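Q: Structure for this input, please:
(one chain, ligands or ions: 1)
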Amino acid sequence: MNTQHELEVALGDRRYPIRIGRGLLDQPGALAALVTGRHALVLTDVNVAPHYLAPVQAALRGKQVQTCVLPPGEQEKTLARFAEVMAVLAGMGASRDTTVLALGGGVVGDLAGFAAACWMRGVRFVQLPTTLLAMVDSAVGGKTAVDLPQGKNLVGAFHQPSAVLADVATLDTLPDRELRAGLAEVVKYGALGDAGFFAWLEDQAEALLAREPAALAEAIARCCAHKAAIVARDETEQGERMLLNLGHTFGHAIETEQGYGGLLHGEAVAVGMVLAARLSAELGRAPWPDAARLAALLERLGLPVALPPGLAPDALLDRMRLDKKAVSGALRLVLWRGIGQAEVVDGVTDEAILAVLDA
Ligand SMILES: NC(=O)c1ccc[n+]([C@@H]2O[C@H](COP(=O)([O-])OP(=O)(O)OC[C@H]3O[C@@H](n4cnc5c(N)ncnc54)[C@H](O)[C@@H]3O)[C@@H](O)[C@H]2O)c1
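A: So this is what the prediction gives:
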């Protein structure tokens, strides 16, 4: 298996590269080439900075560079942190040709991307993802956002990066729990649209957990190829892109209800996918053995497959109503026809959802 991959996201006449491989952050020329103007702002967090900030700063020597190192975690993906980043951009006199670099996981990527979307109505940004989840999902496709106490990602914008550089060597320092959370989003691609990839994951589960470089790089490349293809067909989520939210309506409700301090995003998505699969089977839309196969793979990958204790079904259902896919207050869910086939479904009754949340 190969450890270097190069793909492209093509959006009409706009396109940008996704480079995947070990050691990409240690190629100063390649990094510097992505910053075309005078100013650069590197956004990162305190866990990532000690490991990976130095090569990025070295590559940008000669530019006017500011660094913003945030505390880590979902609780920081807020309007208050967004305002801080705006103040840093203002303080450095950042002009229209500024590049914002997101060095970190999905939290840093979503926040940096939203800042880049808003500063002077939009400046360049580059994704340097350092978590598996960010490499396979959040760094690609241009969704940017911050959370509100009322719900996840409620304030945001579509703003595509100019490039994505996924240095797989950064995963060496990623805690096991975060690696597993990223594997949930990897499984999502197989579950929603690629039965062959799902079977490959069943085969490679141990290699992925052991962080075998070629297996990881291949998984990342296959996920990015899926995401790039879907985003190319539906950039602003009018239809097919919704399928990428398999498990997310349940998952976001769990995260919000726990105050963003309980399950990790990927863990909540794992539980959410199992609930969506179970609901689909209950409704007669998907085979029960497929739902069991999905739960079994997630469990092998060390992910939770049941709701954490203490969450009231009614409260979760209320949270689900604030989901961005809801239309005129009516819930719209991504459900399942079985391994490799997701679908968008309207009109699922509260009773059916509550029954699955209660089980
Ligand atoms: N925009 C999108 O399309 C999209 C898609 C999926 C998820 N998301 C968002 O992504 C976020 C989750 O991202 P995440 O799982 O990457 O979480 P995260 O950004 O919080 O990173 C997870 C943890 O790992 C640490 N970390 C990151 N890289 C590290 C490294 N290489 N070594 C050591 N520690 C490291 C971070 O400091 C943090 O503590 C959520 O907010 C979710 O909503 C966005």
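Q: The ligand contacts on the protein?
A: With the criterion set to CB under 6 Å from any ligand atom, the chain comes near the ligand through 45, 47-48, 51, 72-74, 77, 104-108, 110, 130-131, 133-134, 137-138, 141, 143, 152-153, 170, 173-174, 178, 181, 265-266. No exception for glycine: its C-beta is placed from N, CA and C like everyone else's.
Q: mind listing what's buried in the worst-scoring helix or strand of the chain on mean pLDDT?
A: Lowest mean confidence among the helices and strands of the chain (mean pLDDT, DSSP states H and E): helix 28-32, at a mean of 92. Residues 31-32 are the ones in helix 28-32 that count as buried (16 or more other CB atoms under 10 Å).
Q: would you say L103 is within a strand?
A: Yes. L103 forms part of a strand when assessed by DSSP: H, G, I helix; E, B strand; the rest coil.
Q: Please enumerate the strands of the chain.
A: Counting by DSSP state E, the chain has these strands, from start to end: 5-11, 14-21, 39-45, 64-70, 99-104, 124-129, 143-148, 151-158, 163-167, 332-338, 341-346.
Q: Give me the angle between the shortest one and strand 14-21.
A: Using axes from the mean of the first three to the mean of the last three CA atoms, to 10 degrees, the interaxial angle of strand 163-167 with respect to strand 14-21 works out to 10 degrees.
Q: what are the pairing partners of strand 163-167, and which direction each?
A: Paired with strand 163-167 in the same sheet, following DSSP bridges, are strand 14-21 (parallel), strand 124-129 (parallel).
Q: Now mean neighbour count too, for the ones you listed, in CSV please.
A: Supplementary listing: these in CSV, determined by neighbours: other CB atoms under 10 Å:
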stretch, mean neighbour count
strand 14-21, 18
strand 124-129, 28
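Q: one step back: can you tell me which of the residues of the chain next to the ligand are buried?
A: The buried subset of the residues of the chain next to the ligand (16+ other CB under 10 Å) comprises 45, 47-48, 51, 72, 74, 77, 104-108, 110, 130-131, 133-134, 137-138, 141, 143, 152-153, 170, 174, 178, 181, 265-266.
Q: follow-up on the earlier one: mind listing which of the residues of the chain next to the ligand are in helices?
A: Members of those lying in helices (criterion: DSSP state H): 51, 106-108, 110, 133, 178, 181, 265-266.
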